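1. no FASTA, just this:
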């Protein structure tokens, strides 16, 4: 086998492993009710089932990328697949909430080892002039996995138990490990760097604090955690440690994160673009999942199937996107995607009504999938195209860490926007709807709605009807309560999606500053091999 191996077979192997790591970020959400009952878990424990995985991935991915530079990305990828597969089996076998949380953290270690190696190996096995399609596949794999989580999870839970969302990883993981051993070449950089342990500890502590703050902020209402410790203090401590980390990296001879990669305009711009696209994806997923189930009354499986056209559109678009990247360059494909994506978000915001058919959103959801494919794929090519070979693992780890932090920031920011607008819309809507009630109940009705809106888990079922209301009036009042929440949520959804669209538009404008790759400067395959 050549040192490159068969690049397309290598790509398939890598994307299977990468798909599994992204899928397990979202697939758990659909199984929350079953986990609560089966393990007799609390809401806090189930939230940590989701959070432990994301936290560990975000914290370790930069260190894992550099580790690939040191011992070889193939070896780290295989180690990550082994850890991920074993941890998945432990997740499925868990009998106590703490066991599931611990196994999910172990899954996160495996995912952190896997993720940065995928880009490093793809960059090595494909020559620059042929990286468009594999980069598109990589980007769309991330998008598809995130979108497929609710649908696939719903199917597995409906046909079996929540444990199968983890057990399904075991046979796929074993096959991927065998493929990696036999098909992926052992690529090593010419110079073997050392692992910066001080930098690894600082990066772990900084990202851990920031990630924890973003994940737990909403639960503590962005205030006190315990005693004097607050969420803002935790995030501030993480930011201070991040500054210390960057200062030490600038002075270290062999840093964990070579800051020179950020001097490259393409890498820095694409880092912002991936955060912006993450904003759009998470904003759309967060709002529509709630809208389809709470407002339109669909089941979890029906909601997942309603969102499936976006994933299918991405899947069928990526070959065209990859072809266009190779032919006309990633810059113009990226700008096209960043133009179409906000349009799809605005269309969904306008078309989502309290009485909409779920099929009314089909066109905008397909457009969202196409534009996500066009926006995701070029970012990878344009971010990595000028990165020096010896820094490929570090750059890949940094890019993936930025992508993970982008998702976390998006969840926190979009959750805050959604909650803020929902509270505001509920007050206005309650006053409008109260006109249907007898005058003596209107004030109490509005107060009951606004009180529920300020709670940690606002919802129509949290509203207490005014004292003395019964019979037909009580039934009518409950209907008006639900109608009030439906209209308020639709209003909040629109604001949230418009904020997402604005962030993507900013990324689109900045993308005009990205440079087109110069084919004359691209190394030949023989020159690339000499650098390895």
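-> Thanks, I have it. For clarity, every value in this text was computed on a predicted model and none was experimentally measured.
2. Could you measure from residue 382 over to residue 269?
-> Per Cβ to Cβ, to the nearest Å, residue 382 is found 8 Å from residue 269. Backbone N, C-alpha and C define where each C-beta goes, glycine included.
3. between those two, who's got more neighbours?
-> Of the pair residue 382 and residue 269, residue 382 is the one with more neighbours under other Cβ atoms under 10 Å, namely 28 against 21.
4. Who are the contact partners of the more buried one?
-> By Cβ atoms under 8 Å, 6 or more residues apart in numbering, the contact set of residue 382 is 266, 269, 270, 330, 331, 334, 514, 517.
5. Just flag the most distant two among those.
-> Farthest-apart pair in these is 269 and 517; separation 13.4 Å (Cβ to Cβ).
6. Grab the nearest non-local neighbour of residue 330.
-> Once flanking residues are discounted, residue 330 sits nearest to residue 378: 3.2 Å by Cβ to Cβ, 6 or more residues apart in numbering.
7. starting at the chain centroid, how far to the strand or helix carrying that neighbour?
-> Residue 378 is located in helix 362-384, with elements delineated by DSSP states H and E. Helix 362-384 sits 14 Å away from the centroid of its parent chain (Cα atoms, centre = their mean, to the nearest Å).
8. what comes up buried for that helix?
-> Of all the residues in helix 362-384, those buried under the rule 16 or more other Cβ atoms under 10 Å are 364-384.
9. ditto for stretch 224-233
-> Applying 16+ other Cβ under 10 Å to stretch 224-233 flags 225, 230, 231 as buried.
10. what residues does it touch?
-> Under the criterion Cβ under 8 Å, 6+ apart, residues 213, 216, 217, 220, 222, 223, 234 lie in contact with stretch 224-233.
11. circling back to that earlier point, got any residues that touch both of residue 382 and residue 269?
-> Any residue near both residue 382 and residue 269 by Cβ under 8 Å, 6+ apart counts here, and that gives residue 514.
12. before we move on, back to that, I'd guessed the residue nearest to residue 330 sits against residue 328; true?
-> No. With contact defined as Cβ atoms under 8 Å, residue 378 and residue 328 do not form a contacting pair (10.5 Å).
13. which residue is nearest the middle of the protein?
-> Most central in the chain under Cα atoms, centre = their mean is residue 407, positioned 4.4 Å from the mean C-alpha point.
14. was I right about that residue contacting residue 280?
-> No. In this structure, residue 407 is not within contact of residue 280 by Cβ under 8 Å, at 11.2 Å.
15. Show me how far stretch 258-277 is from its chain's centre.
-> When distances are taken as Cα atoms, centre = their mean, stretch 258-277 is centred 18 Å away from the chain's centroid.
16. Next: stretch 223-234.
-> Averaging C-alpha positions (Cα atoms, centre = their mean) puts stretch 223-234 26 Å from its chain's average.
17. mean confidence for that stretch?
-> For stretch 223-234, the mean per-residue pLDDT is 89.
18. With stretch 187-194 instead?
-> 66.
19. Stretch 114-123 now?
-> pLDDT averaged over stretch 114-123 gives 84.
20. Outside of it itself, list whatever touches it.
-> So stretch 114-123 is contacted by 10-11, 14-15, 17-18, 21, 57, 61-62, 64-65, 68-69, 73-74, 76-77, 80-81, 84, 131, 134-135, 138, 184, 187, 380, 384, 387, 392-393, 396-397, 399-400 (Cβ under 8 Å, 6+ apart).
21. Can you point out the buried residues in it?
-> 114, 115, 116, 117, 118, 119, 120, 121, 122, 123.
22. And the next helix or strand past the helix or strand containing residue 155?
-> Following DSSP H and E, one finds residue 155 within helix 132-159. Using DSSP H and E, the helix or strand that follows helix 132-159 towards the C-terminus is helix 164-167.
23. Show me what that next one is packed against.
-> Packing partners of helix 164-167 (3 or more Cβ pairs under 8 Å, 6 or more residues apart in numbering; DSSP states H and E): helix 73-93, helix 132-159.
24. Least confident of the ones you listed, on average?
-> Among the helices and strands packed on helix 164-167, helix 132-159 scores lowest, with a mean of 73.
25. pLDDT weak spots in the stretch 151-300 of the chain?
-> Where the stretch 151-300 of the chain drops to pLDDT under 70, the residues are 189-193, 218, 300.
26. For it, just list every one of the strands.
-> Along the stretch 151-300 of the chain, counting by DSSP state E, counting those that start in this stretch, strands occupy 224-226, 229-230.
27. which stretch of helix or strand covers the residue located most distally from the centre of the chain?
-> In the chain, residue 440 marks the outermost C-alpha relative to the chain mean, sitting 48.2 Å out by Cα atoms, centre = their mean. Element membership of residue 440, judged by DSSP H and E, is helix 439-453.
28. Point out the other helices and strands that the helix or strand where residue 317 lies packs with.
-> Following DSSP H and E, one finds residue 317 within helix 300-328. The contact analysis (3+ Cβ pairs under 8 Å, 6+ apart) places helix 300-328 against helix 132-159, helix 265-290, helix 330-351, helix 362-384.
29. From the contact counts, what lies against the shortest one?
-> Read that as helix 330-351. Using 3+ Cβ pairs under 8 Å, 6+ apart: helix 330-351 touches helix 265-290, helix 300-328, helix 362-384, helix 471-511.
30. do you know which of the ones you listed lies nearest residue 174?
-> Closest among those, once you apply Cβ to Cβ, is helix 300-328, at 24.9 Å.
31. In the closest one, which residues are buried?
-> Across helix 300-328, burial judged by 16+ other Cβ under 10 Å covers 300-301, 303-311, 313-315, 317-318, 321-322, 324-326.
32. tell me the angle of it relative to helix 330-351?
-> Relative orientation of helix 300-328 versus helix 330-351 (axes from the mean of the first three to the mean of the last three Cα atoms, to 10 degrees): 150 degrees.
33. Counting neighbours, what do you get for residue 197?
-> Neighbours of residue 197 (other Cβ under 10 Å): 10.
34. To clarify, my last question referred to residue 261.
-> 22.
35. Touching, it and residue 396? I think so.
-> No. In this structure, residue 261 is not within contact of residue 396 by Cβ under 8 Å, at 10.0 Å.
36. so how far is stretch 242-256 off the chain centroid?
-> Centroid separation for stretch 242-256 versus its chain: 27 Å, with Cα atoms, centre = their mean.
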